[in-house]
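Asks: Kindly return the folded structure for what I paste below:
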Amino acid sequence: MNEQQDENNQRLSLADLEALSFDSLSRLSAKTHQAKPLARRIARAEAKGRARAGLRYLLHCLEDLALGRCDGGAMPKLQTRHGVRLHCDIANGFLPAAFDLALPEFLQIAEAEGTACLAFVNGHSPGFLPQMAEDVARRGYVSLALSTDTACISTNPPLPPTLGDNPMALAVPDKRGQGVLIFEQGQAAISRDTVFDHIKSGTTLPPHLALDDHGRATQNPRAAIEGSILPVQGNYGFNIAVMVEILVLSLVGAGASAMIGDPDDPSSGPLRMGHCLFAIKPQSYGQVSALEQFTQALLADAPNRLQALSRRQKFETALTEGVAVPQALLERIIAA
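Replies: Down below sits the predicted model:
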């Protein structure tokens, strides 16, 4: 590997990150058609500073392969098209392989009809949906991505959770021919991953984020996992989580948050998430100039609110300087 030592970090090039990811996945029986697109996107996510889809996510993939919770040899399948909706079965593999398979026909529908919906069933993780939205936007389409997720939000505490973090992402094309991720957000006040980080580190949660299984406020991360996480900004996050749940269930026909397995439970089976990706061709509706004016003004006036711009800068820096990766993280990946 082309690496430079920096105290407790190793600086790896984008090619090194991809090779590390691919080799690690392959050692745990992931086939090339699954491992290659996944490794490429893990490397890009790490270079952009998206930890939830970078090398730390690779650790989750390796664990799930080892435990048989996902299929490293799965063959995604395109199923019957209904109107502008294209259905794809991820078959308990990884999302990038299914996305690459479905993308050409998905864009053909969007080009011909002005709008297209790509519905994924039997998903393993929503972590790459923002990258999928960016990939579609780079081709000139407005793209919205939605997903259900493991239930963590209760509709009526102390009843068990029935809504997931239910992430969503929006990306638009820009004049440079790149996809600009306008936002990505989950609807829980704190992600389950972060709660588990607190469990591992032995630290308490910040206040006003979670409830125990009796519906009482708690800062104990284990009690939060056994209870529920509050939606972000109260009814605001709750309403969006409900909206995402309804849209995904309507278009995918499966993937209810309450039925998704627990990614942090070694005994849990396949997760079976549902994902949706939309592509809109503005030219089909005569809205190009208004959209371009708004987008350019947004990029100019609100750069501090758009994570995509800082992540683009990180990525461009990574292309020349590489990415600093903690030595401890590398050791965990090698050990896995």
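
Asks: Where does the prediction get shaky in the chain?
Replies: Along the chain, the model assigns pLDDT under 70 to residues 1-7, 177.

Asks: so who does the closest residue to Pro157 other than its chain neighbours touch?
Replies: Using Cβ to Cβ, 6 or more residues apart in numbering and skipping the chain neighbours, the partner closest in space to Pro157 is Gly215 (3.9 Å). In this view, the C-beta of every residue, glycine as well, is placed from N, C-alpha and C. Shown here is Gly215, whose contacts under the criterion Cβ atoms under 8 Å, 6 or more residues apart in numbering are 154, 157-158, 227.

Asks: same check, this time on Ala119
Replies: With Cβ under 8 Å, 6+ apart as the criterion, the residues that contact Ala119 are 85-88, 251-253, 274-276.

Asks: repeat for Glu134
Replies: Residues in contact with Glu134 (Cβ under 8 Å, 6+ apart) are 143, 171, 179-181, 308.

Asks: Format the contacts of Ala119 as JSON lines; extra columns: secondary structure.
Replies: Conversion of the contacts of Ala119 to JSON lines gives the following (DSSP: H, G, I helix; E, B strand; the rest coil):
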{"residue": "Arg85", "secondary structure": "strand"}
{"residue": "Leu86", "secondary structure": "strand"}
{"residue": "His87", "secondary structure": "strand"}
{"residue": "Cys88", "secondary structure": "strand"}
{"residue": "Leu251", "secondary structure": "helix"}
{"residue": "Val252", "secondary structure": "helix"}
{"residue": "Gly253", "secondary structure": "coil"}
{"residue": "Gly274", "secondary structure": "strand"}
{"residue": "His275", "secondary structure": "strand"}
{"residue": "Cys276", "secondary structure": "strand"}
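
Asks: Which of these are buried? Put it as a PyMOL command.
Replies: Only the buried members of those enter the following PyMOL selection, criterion being 16 or more other Cβ atoms under 10 Å:
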select buried, resi 85+86+87+88+251+252+274+275+276
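
Asks: which among the contacts of Ala119 gets closest to Phe315?
Replies: His275 (23.6 Å; Cβ to Cβ).

Asks: Look up how far Ala300 lies from the closest one.
Replies: Applying Cβ to Cβ, to the nearest Å, one obtains 32 Å for the distance of His275 from Ala300.

Asks: How about the secondary structure of the closest residue to Tyr141 other than its chain neighbours?
Replies: Beyond its immediate neighbours in the sequence, the residue positioned closest to Tyr141 (Cβ to Cβ, 6+ apart) is Ala279, lying 4.2 Å away. Classification of Ala279 into helix, strand or coil gives strand, according to three-state DSSP.

Asks: Count the residues that sit near Gly72.
Replies: Neighbourhood size, Gly72 [other Cβ atoms under 10 Å]: 23.

Asks: With adjacent residues omitted, what lies nearest to it?
Replies: In this structure, Gly72 finds its nearest non-sequential neighbour in Ala30, 3.2 Å apart by Cβ to Cβ, 6+ apart.

Asks: again, but for Thr150
Replies: In space, and not counting its chain neighbours, Thr150 is closest to Ile260: 4.9 Å by Cβ to Cβ, 6+ apart.

Asks: list the contacts for that neighbour?
Replies: With Cβ under 8 Å, 6+ apart as the criterion, the residues that contact Ile260 are 148-151, 164, 271-273.

Asks: any chance of the residues you listed in CSV, with distance to Ala336 and secondary structure too?
Replies: Formatted as CSV, these follow (distance: Cβ to Cβ, whole Å; DSSP: H, G, I helix; E, B strand; the rest coil):
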residue, distance to Ala336, secondary structure
Thr148, 27, coil
Asp149, 23, coil
Thr150, 21, coil
Ala151, 27, strand
Gly164, 26, strand
Leu271, 19, coil
Arg272, 24, coil
Met273, 23, strand
